[in-house]
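Trainee: the sequence isn't on hand, but the structure is:
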């Protein structure tokens with residue numbers, strides 16, 4: 001493998017964009033204002049239109065990325081044909097990891113705080129020699145940690161798709177073939193065990209069986225690999241407005257952002273998943289009955305979309 005980046009250098013950034021010029025512009029600006037941006041390589045992968053309905057927006061996005069500045073070097077890859085979300089994400093990461101030994105990944109709705117690159121690069125260095133850690137995550141929703149837990153990061157056997165990083169050595173361990181997940185989900189015993197890993201896996205698989213992060217989640221779960229999460233998120237998601245390909249207006253909830261971080265979390269190697277943290281994290285995905293009922297009523301009355309926009313605009 002031709003590894004261009006040495007471990008002493010900063011991880012290149014992989015940015016995935018499609019047809020959201022407003023989101024893309026905001027994320028690019030936030031990235032460029034990061035402390036380490038001027039010393040970081042930026043690769044931007046722009047997917048092609050699915051049809052005539054996307055041409056104007058994709059062209060607007062491409063006009064923006066051609067103006068990207070504030071980085072050590074910007075490399076643009078404009079796909080000639082539509083790859084779709086999952087293929088564009090996965091192939092882009094694979095392409096960059098053929099040249100570099102690690103990378104940091106953001107999509108066009110993952111807006112980083114100013115210390116995002118500092119946190120990601122340091123965490124990638126701290127965990128680079130731990131074969132059980134697959135990736136470094138930058139986002140975690142707010143949930144109640146167990147009383148005994150005082151660390152500023154935690155490990156889970158799952159992925160983080162809202163700002164993350166990994167190494168070429170870790171990427172080579174997983175099998176991203178969609179048929180692997182399909183075969184596993186057809187096996188009732190495997191499916192039942194996997195659905196206990198956290199999110200509503202069955203719903204996600206039913207609605208978007210080919211979604212890229214579900215494939216990675218399954219690989220981490222089946223191989224016993226882990227992702228590091230910060231207790232306080234280093235990014236926020238600005239795509240909870242129905243504009244995304246997969247994350248859209250399917251779940252009514254208010255923003256769970258915390259205060260903008262003024263420092264990166266303390267980073268020292270954690271050895272394993274804390275079982276009580278895992279249970280608390282998974283429990284936070286369980287919707288209370290009042291919320292399920294409220295969502296159903298709002299949808300039936302035609303009020304759901306308006307309420308979602310109000311909540312997420314706060």
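Mentor: It's in. Small disclaimer: the values here were computed from a predicted structure and weren't measured. Numbering: from 1, shown residues only.
Trainee: next, the contact list for residue 112, please.
Mentor: 27, 30-31, 34, 106, 138, 163, 234-235 (CB atoms under 8 Å, 6 or more residues apart in numbering). Yep, even glycine has a C-beta here, placed from its N, CA and C like the rest.
Trainee: tell me which two in those residues are the farthest apart.
Mentor: The distance between the two most remote of the contacts of residue 112 (CB to CB) is 13.7 Å, for 27 and 234.
Trainee: any chance of the contacts of residue 112 in a markdown table with pLDDT and distance to residue 63 as columns?
Mentor: A markdown table is the format used below for the contacts of residue 112 (pLDDT from 0 to 100; distance: CB to CB, whole Å):
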| residue | pLDDT | distance to residue 63 |
| --- | --- | --- |
| 27 | 98 | 15 |
| 30 | 97 | 19 |
| 31 | 98 | 18 |
| 34 | 97 | 23 |
| 106 | 98 | 20 |
| 138 | 98 | 28 |
| 163 | 97 | 25 |
| 234 | 97 | 29 |
| 235 | 97 | 25 |
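Trainee: for the stretch 101-250 of the chain, which segments are assigned as helices?
Mentor: Using DSSP state H, counting those that start in this stretch, the helices of the stretch 101-250 of the chain run over residues 116-126, 168-171, 178-185, 188-194, 201-207, 212-223.
Trainee: just checking, what packs against the fifth one?
Mentor: So that's helix 201-207. helix 212-223 (3 or more CB pairs under 8 Å, 6 or more residues apart in numbering; DSSP states H and E).
Trainee: 10 Å instead, please
Mentor: Packing contacts for helix 201-207, counted by 3 or more CB pairs under 10 Å, 6 or more residues apart in numbering; DSSP states H and E, involve helix 178-185, helix 188-194, helix 212-223.
Trainee: how about low-confidence regions in the protein?
Mentor: The chain contains residues with pLDDT under 70 at 1-8, 198-199, 240-258, 286-293, 295-296, 298-299, 304-314.
Trainee: still on that earlier bit, out of the helices and strands packed on helix 201-207, which comes closest to residue 150?
Mentor: Nearest to residue 150, of the helices and strands packed on helix 201-207 and by CB to CB, is helix 212-223 at 25.3 Å.
Trainee: can you state the direction angle for the closest one and helix 178-185?
Mentor: 60 degrees (axes from the mean of the first three to the mean of the last three CA atoms, to 10 degrees).
Trainee: buried ones in helix 212-223?
Mentor: 212-222 (16 or more other CB atoms under 10 Å).
Trainee: that helix: how far from the chain's middle?
Mentor: Mean C-alpha position of helix 212-223 versus that of the full chain (CA atoms, centre = their mean, to the nearest Å) differs by 13 Å.
Trainee: stretch 206-218 too?
Mentor: 13 Å.
Trainee: could you do stretch 52-71 as well?
Mentor: Put simply, stretch 52-71 sits 21 Å off its chain's centre (CA atoms, centre = their mean).
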